[in-house]
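>>> Build the 3D model from these lines:
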Amino acid sequence: MRTQRKFLHTPSDTIIITDNRGKESVFDLEIFQKVEPKYKLPKGCVGQEYISSEAHILYTGESQLEGEFPWADGERYIKRTKDLQLVEKTEKEDEEFVEEVSSRAENASEEDVEEDDRFYNVSSLIHLMWEHLFEDIDNKEEINEMKKLIKEREKYRGNWRKNK
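Below is the predicted model:
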């Protein structure tokens, strides 16, 4: 049995599109506007319904008005169901991917928190270099300690400078 194709924008900003088999697809207005960015309700309306080849009704909250008919935009909106489903699916996949990457990053940073006493952390090295180069401060004791640690690091990791 064939049913009328419909486009419905509810007062709760939900878009419901019904195909000719009677299957309803429900979308948030935000998703709909990613596919149809120029779409907005007519001024003073809280909703609208377009029934293909039958009617276009605008809802103001207190009354119903007759909208443009036939409504070319309404026909196009009805045909965009697959596009809307694709955008919705893509956004969901993107959210899941971001959550997965964030989770991995959090786990990796928690694992990397343990510092090896044999190495200075990068911020300490930068601070020492800044003092030495720009502020004319020579903390010889700390610089000598850093040089020892660099030599130990080279033993531990191999002398990477010689490999370049």
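
>>> List the buried residues in stretch 69-79.
71, 74, 77, 78 (16 or more other Cβ atoms under 10 Å). The way it works is simple: take the backbone N, C-alpha and C, and place the C-beta from them, glycine included.

>>> quick one: which of the residues you listed sit in helices?
Counted as lying in helices by DSSP state H, out of the buried residues of stretch 69-79, are 74, 77, 78.

>>> Most widely separated two among the buried residues of stretch 69-79?
Across those, the longest distance by Cβ to Cβ is 9.9 Å; it joins 71 and 78.

>>> just for the protein, where's the confidence low?
Counting by pLDDT under 70, the chain has low-confidence residues at 1-2, 108-125, 127-128, 132-139, 153-164.

>>> run the last query once more with 80
1-3, 104-164 (pLDDT under 80).

>>> Which helix runs longest in it?
helix 81-111.

>>> chain center to that helix, what's the gap?
With Cα atoms, centre = their mean, to the nearest Å as the basis, helix 81-111 stands 8 Å off its chain's centre.
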